[in-house]
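K.L.:
dropping a prediction and its sequence here:
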Amino acid sequence: MSKFVRIITTGVVICIINQSVMADQFSNTKTIDPYFGQYWDMDLAAAGSNESQPGDRLGESLSSGDFNGDGYPDLAIGSPKRNLFVNDAGAVLILYGNQSGATNTSSVLQFSNVVQEGEQFGTSLISGDFNNDGYDDLVVGAPYKDFTNQANVVFEDTGAVYVYYGSSIGLSNTGLFIDADDNQQIGTDRQAFAEFGFALASGDFNGDDFDDLVVSAPGQNFNQASNAGAIFIYYGGQVSSPLMGLDPLIRDSISQSSPNVSGSSETGDLFGFSLAAGDFNNNGYDDLAIGVPYETVGNLTWAGLVQVFYGNSLGLIDDDQIWEQSDITGALTESIDVFGFSLAVGDINGDGNDDLLIGAPFEDLGNIVDAGAAHYIPGSGIGLTTTGSLTFSQQTAGIFGTAETNDRFGYSLGVADLNVDGFAEAIVGVPFETNNGSESGFIHVLPGLSTGIDFAESSYLEGEQAGDNFGFAINQSENYFGPSLVVSASGKTSGDGDIDAGSVSEIFYLNPDIIFKDGFEFNLGK
């Protein structure tokens with residue numbers, strides 16, 4: 001379920017915009033006009049005495065929500081490689097918002113209840129209101145957490161997630177621990193190298209007004225198929241939960257070995273590598289898209305596919321819909337395209353049905369290896385449909401730039417209505433684009449319209465220097481000026497020289513309904 005916090009203010013508010021150190025570059029901005037807002041790295045975040053460290057990779061994951069119920073969106077930023085007492089323990093930087101947006105001065109550094117070397121807490125993030133108390137909750141994935149059994153045998157990378165419930169004072173300090181254990185009802189779900197928590201999604205799949213949680217374990221084994229993958233669904237509103245939220249032992253699971261599910265669990269499929277939730281048929285029940293990017297289609301290795309499960313009053317149903325590249329206008333199923341590597345959901349054509357974006361970042365365009373492509377599938381009253389579907393890349397007319405080897409266009413994706421016209425924009429990350437140096441990174445902002453995507457009105461933003469990986473992760477937020485786009489550069493070198501420390505920038509978009517109301521205008525230069 002797409003969440004967007006609407007801020008209503010009265011009177012005149014004066015906001016100071018912190019100029020980002022990111023390069024101020026954009027083009028063809030006719031209807032989508034960006035301004036640089038705030039900039040964060042660990043040195044600026046004021047989270048205790050913490051400072052940037054080499055290899056933090058701040059910004060590898062992002063999520064926003066109103067964790068303290070004050071009407072302003074807050075931001076969670078994953079730093080999965082951060083060292084905390086031990087190497088690669090990981091942490092999440094929480095920035096609480098006010099009328100100017102998320103701020104450095106009210107930040108908190110969240111980390112695992114029991115810090116463990118290499119668990120990479122913060123690899124994935126998602127927010128949702130699982131107990132329907134009006135405060136968004138935050139889920140943090142630690143897919144490389146090890147489990148040690150009573151015989152002192154270590155199962156590596158079994159994975160876990162932590163649920164931090166929101167309240168009037170923000171997120172709880174201690175998270176509800178969930179791993180793939182099913183209280184030994186089956187006894188095979190907690191597995192070494194399953195990487196439970198690698199990807200996360202939230203949505204109200206059964207329409208009961210409690211958000212539900214989906215956790216993937218793309219390394220889960222089935223019979224002789226290693227790394228076949230599975231997902232686990234935890235439904236909100238459980239009376240067995242102390243906060244009427246999630247219960248770790250009440251869940252469903254789906255894999256390609258489940259009854260009535262298309263395909264079969266095969267070695268290396270990585271079912272659940274990516275996840276995205278939205279209401280594709282606008283029936284009040286959220287649906288789930290699952291990326292299976294390393295699936296062999298026919299005899300085409302790593303061609304990839306996406307499986308969609310539709311919600312109803314009982315939750316997600318096993319009967320699914322399969323999407324291959326060749327189902328989409330302008331696309332062809334090929335080896336090593338890794339279709340389904342990334343996913344994003346939102347209403348791009350403004351018809352009330354959520355649409356699906358799918359990334360294939362390892363798509364070759366002619367002899368240009370790993371240039372990358374993305375795909376748009378519109379929703380309808382009967383769900384996702386091929387009618388109006390599109391395939392696009394940096395070879396598409398109107399999209400700035402040139403397709404180059406290893407760009408990996410579509411590595412990350414986002415959907416947000418940035419200019420508040422009722423049509424969401426498609427945002428495409430190209431974090432390995434070489435423009436201001438090798439792998440400086442890039443994002444494309446492509447306006448929505450009734451027929452799909454308006455490539456002629458596209459704009460772009462780029463990273464400042466080599467190795468920034470600008471566009472590695474994408475999220476949306478909002479401040480007084482209107483919607484904002486949050487973009488990470490997780491490979492950025494900090495101001496004091498810490499390589500791969502990472503940073504996050506907010507780019508805001510002027511909402512003319514606010515800015516120019518009653519003749520009151522802001523004169524903002526770029």
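P.N.:
Yep, that arrived.

K.L.:
tell me the contacts of residue 380?
P.N.:
280, 281, 351, 353, 387 (CB atoms under 8 Å, 6 or more residues apart in numbering). C-beta here means a position set from N, CA and C on the backbone, and glycine is covered the same way.

K.L.:
does the last one touch residue 378 like I think?
P.N.:
Yes - between residue 387 and residue 378 a contact is recorded at 7.1 Å, counting by CB atoms under 8 Å.

K.L.:
what's the pLDDT at residue 206?
P.N.:
pLDDT, residue 206: 97.

K.L.:
just checking, it touches residue 317?
P.N.:
No - shown here, residue 206 and residue 317 do not form a contact pair, counting by CB under 8 Å, at 10.3 Å.

K.L.:
just to revisit the earlier point, between residue 387 and residue 378, which one's more packed in?
P.N.:
Comparing residue 387 with residue 378 by other CB atoms under 10 Å, the one with more neighbours is residue 378, at 22 against 9.

K.L.:
please pick the buried ones from the contacts of residue 380.
P.N.:
280, 281, 351, 353 (16 or more other CB atoms under 10 Å).

K.L.:
need those in TSV with secondary structure, pLDDT and distance to residue 176, can you?
P.N.:
Output for the buried ones among the contacts of residue 380, formatted as TSV (DSSP: H, G, I helix; E, B strand; the rest coil; pLDDT from 0 to 100; distance: CB to CB, whole Å):
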residue	secondary structure	pLDDT	distance to residue 176
280	coil	98	30
281	coil	97	32
351	coil	97	38
353	coil	98	33
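
K.L.:
so which of those is the closest to residue 369?
P.N.:
residue 280 (32.8 Å; CB to CB).

K.L.:
look at residue 422 and report its pLDDT.
P.N.:
pLDDT at residue 422 comes out at 93.

K.L.:
wait, residue 5
P.N.:
Residue 5 is given a pLDDT of 28.

K.L.:
ranges for the strands of the stretch 151-300 of the chain?
P.N.:
With DSSP state E, counting those that start in this stretch as the criterion, the stretch 151-300 of the chain has strands at 154-155, 160-164, 176-178, 200-203, 212-217, 230-234, 252-254, 274-278, 287-292.

K.L.:
what sits up against the third one?
P.N.:
Strand 176-178 is contacted from outside by 113, 160, 161, 162, 163, 164, 165, 215, 234, 245, 246, 248, using CB under 8 Å, 6+ apart.

K.L.:
what does the shortest one give?
P.N.:
Surrounding strand 154-155, the residues in contact under the criterion CB under 8 Å, 6+ apart are 146, 147, 148, 149, 190, 191, 192.

K.L.:
closest to residue 311 out of the contacts of strand 176-178?
P.N.:
Among the contacts of strand 176-178, and counting by CB to CB, the member closest to residue 311 is residue 234, at 14.4 Å.

K.L.:
surely that closest one and residue 245 touch.
P.N.:
No - the criterion here is CB under 8 Å, and residue 234 misses it with residue 245 at 9.1 Å.

K.L.:
one step back: of residue 206 and residue 317, which one has the most company?
P.N.:
residue 206 (20 against 15).

K.L.:
quick check: closest non-adjacent residue to the more buried one.
P.N.:
residue 315 (4.4 Å; CB to CB, 6 or more residues apart in numbering).

K.L.:
for the one you found, give me the backbone phi and psi.
P.N.:
phi 100, psi -160 (degrees, to the nearest 10).

K.L.:
next one: the one 5 residues further on
P.N.:
Geometry field for residue 320 lists phi and psi as phi -120, psi 170, criterion degrees, to the nearest 10.
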